[in-house]
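> Generate a structure from the sequence data that follows.
(one chain, ligands or ions: 2)
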Amino acid sequence: MFQHQGATSYEHPPSKKTHLLAPCSHRSVGAAEGERSKMTGLDLLQWATNTLKDHRIENPRLNAELLLAHSLTLNREELYVRLHRELKEGEKGALERLIQRRSSGEPLQYILGKQEFWSINFKVDHRVLIPRPETELLVEQSLRILSEKTFEQNPSVLEIGTGSGAIAIALAKEVTHIFLVATDISRDALVLAKENAASAGVQDRIQFVNSDLLGSFQPSRERRAFDLILSNPPYIVQSEIGSLAKEVRNFEPVIALDGGKDGLKFYRRLVSQTPSSLREGGWLLLEVGQGQAERVAEQIRERGTFLEPEILADLAGIERVVKAQKMERRK
Ligand code: SAM
Ligand code: GLN
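Ligands and ions are numbered 1, 2, ... in the order given. Okay, here's the model as predicted:
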C-alpha cells in the first residue's frame with residue numbers, strides 16, 4: 001500500500017497488462033456488449049469504469065466520467081444528458097485511448113492536462129510535478145508573513161523550484177504589490193510555468209529564472225536581499241522512489257522528487273545558501289516530507305543564523321512546513 005510521505009492519494013496497485021485495443025480482448029469496447037453499434041454513453045462509461053477497476057485505479061467511476069467527458073469535450077453536467085445517446089465509432093476510439101493511458105498509471109491530471117491549486121487552474125504535463133493540496137500550506141503561511149509584517153518597500157519573494165509555477169502564481173494573484181522571482185533547474189518546467197502565469201494574468205509580475213538553487217542567481221542591485229524565500233524541494237529518499245505509486249514513479253519528473261540518499265539533500269543546500277540572500281528578519285519557508293520536519297529544523301538551528309524554527313502541520317496532521325526567521329543583528 002502506498003503511504004510514502006503521506007502526500008498523494010494514489011494507490012500502489014500491482015501492475016497488470018490488458019490490451020484494451022486488441023480486437024478480441026474481452027475488455028475492448030463493444031465486445032462486452034456484443035454489438036458495438038448500439039453502445040450508448042452509459043454502456044461506454046460502464047466499460048471504462050470496469051476496465052479501470054480491473055487495473056486497480058482509485059475512484060474508477062469518477063475517473064471514467066472525467067475521461068469520457070474530456071474525450072467528448074463536454075463538462076460533467078453535459079455528459080449526463082448525453083449518456084443515453086448512441087456514440088459514434090470515433091468517440092469510442094478516443095475514450096479507449098484515454099482509458100488505456102489511465103490504466104497504465106498515467107495520472108488523470110496529465111491526461112486532462114490540468115490541476116487546480118489555490119482555486120486556480122494550472123496546466124500540467126510530464127514536464128512538472130502535479131501540485132499537491134498540502135502545498136497550499138506554504139501559500140497560506142507566506143500570505144500570513146506578507147500581511148503581518150510592515151515592509152519598508154514592496155516585499156520581495158523568491159520561490160525555488162517552482163515547477164508548474166503554482167505557488168508563485170497563487171502568491172502573485174493574492175498580493176499585488178510583491179516583487180516575485182521563481183526559479184527552477186528545469187528549463188522545460190519554466191516554459192510551462194510562464195504559460196501558467198500568462199493564463200493567470202500575472203506574467204508581468206513574476207521573473208522566472210533558470211538556476212541550480214541559488215547558484216547562478218543574483219538578486220538584482222536594487223533588491224539585494226529577499227524578505228521571504230520559500231521552496232517545496234524534491235524530498236523523496238532516492239531508494240524509495242521505486243516503491244512510490246506508479247502514477248508518481250513512472251510519470252512525474254524524477255528531478256522533482258529525488259531528495260538524495262536521505263531525502264534531505266536540498267534542505268542542507270538551501271539552509272546554507274539562503275541566508276546570504278535573505279534580509280535580516282526575513283523568512284525561510286520549506287515544505288518537508290513526512291517525518292523530516294525535526295531534522296530540517298535541526299539543520300536550521302545548526303546554521304546559527306535563524307531564530308528557533310517553527311513546525312506547522314497540514315490538514316492531515318502531518319508536519320509539513322518548517323518556518324524560520326533570520327536573526328537581526330543588534331544595533
Ligand atoms: N513548486 C512546485 C510545487 O510545489 O508543486 C514544484 C515542486 S517539485 C517537488 C520540486 C521542483 O524543484 C521541481 O520543479 C524541480 O525541477 C526543481 N528542482 C530540482 N532540483 C533543483 C535545483 N537544483 N535547483 C532548482 N530547482 C530544482
Ligand atoms: N509530494 C510529493 C510526493 O510525495 C513529493 C514532492 C517532493 O519531493 N517535494 O509524491
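> Could I get the phi/psi values of the closest residue to Leu278 other than its chain neighbours?
Nearest residue to Leu278 in three dimensions, chain neighbours excluded: Lys326, at 4.9 Å (C-beta to C-beta, 6 or more residues apart in numbering). C-beta coordinates here come from the backbone N, C-alpha and C atoms, glycine included. Backbone geometry at Lys326, expressed as degrees, to the nearest 10, gives phi -70, psi 140.
> Would you mind extracting the C-alpha trace of the particular helix or strand that has Val321 in it into CSV?
For Val321, the host element (DSSP states H and E) is strand 319-325. Extracted as CSV, the C-alpha positions of strand 319-325 are listed here (Å, rounded to 0.1, in the frame of the first residue of the first chain):
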residue,chain,number,x,y,z
GLU,A,319,4.3,18.1,9.9
ARG,A,320,4.6,19.7,6.5
VAL,A,321,6.3,23.1,6.8
VAL,A,322,9.3,24.5,8.6
LYS,A,323,9.3,28.2,9.1
ALA,A,324,12.4,30.2,10.3
GLN,A,325,13.2,33.8,10.6
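> Any chance you could list what contacts that strand?
Strand 319-325 is contacted from outside by 134, 137-138, 141, 281-288, 290-294, 296-297, 300, 306-314, using C-beta atoms under 8 Å, 6 or more residues apart in numbering.
> so what's the residue nearest to Leu278 up against?
275, 278-284, 305-307.
> Tell me how far the nearest residue to Asn154 once chain neighbours are set aside lies from Leu146.
Leaving aside its chain neighbours, Asn154 sits nearest to His177 (4.8 Å; criterion: C-beta to C-beta, 6+ apart). His177 sits 9 Å away from Leu146, taking C-beta to C-beta, to the nearest Å as the criterion.
> anything in contact with each of these two?
Common neighbours of His177 and Leu146 (criterion: C-beta under 8 Å, 6+ apart): Pro155.
> between those two, who's got more neighbours?
Ranked by neighbour count (other C-beta atoms under 10 Å), His177 and Leu146 place Leu146 first, with 19 against 10.
> what's Gly163 in contact with, if anything?
Shown in contact with Gly163 (C-beta under 8 Å, 6+ apart): 128-129, 131, 184, 186, 189, 193, 232, 256.
> what do you get for Leu315?
Applying C-beta under 8 Å, 6+ apart, the residues near Leu315 are 133-134.
> Three-state assignment for it, please.
Of the three states, Leu315 takes coil under DSSP: H, G, I helix; E, B strand; the rest coil.
> Need the pLDDT of it.
If you check Leu315, the pLDDT there is 96.
> Distance check, it against Arg268.
Leu315 is 28 Å from Arg268, where distance means C-beta to C-beta.
> if we can go back for a sec, is there a quick ChimeraX command that grabs whichever of the contacts of strand 319-325 are buried?
Of those, the buried ones go into a single ChimeraX selection, burial set by 16 or more other C-beta atoms under 10 Å:
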select :134,137,138,141,282,283,284,285,286,287,288,290,292,293,296,297,300,306,309,312,314
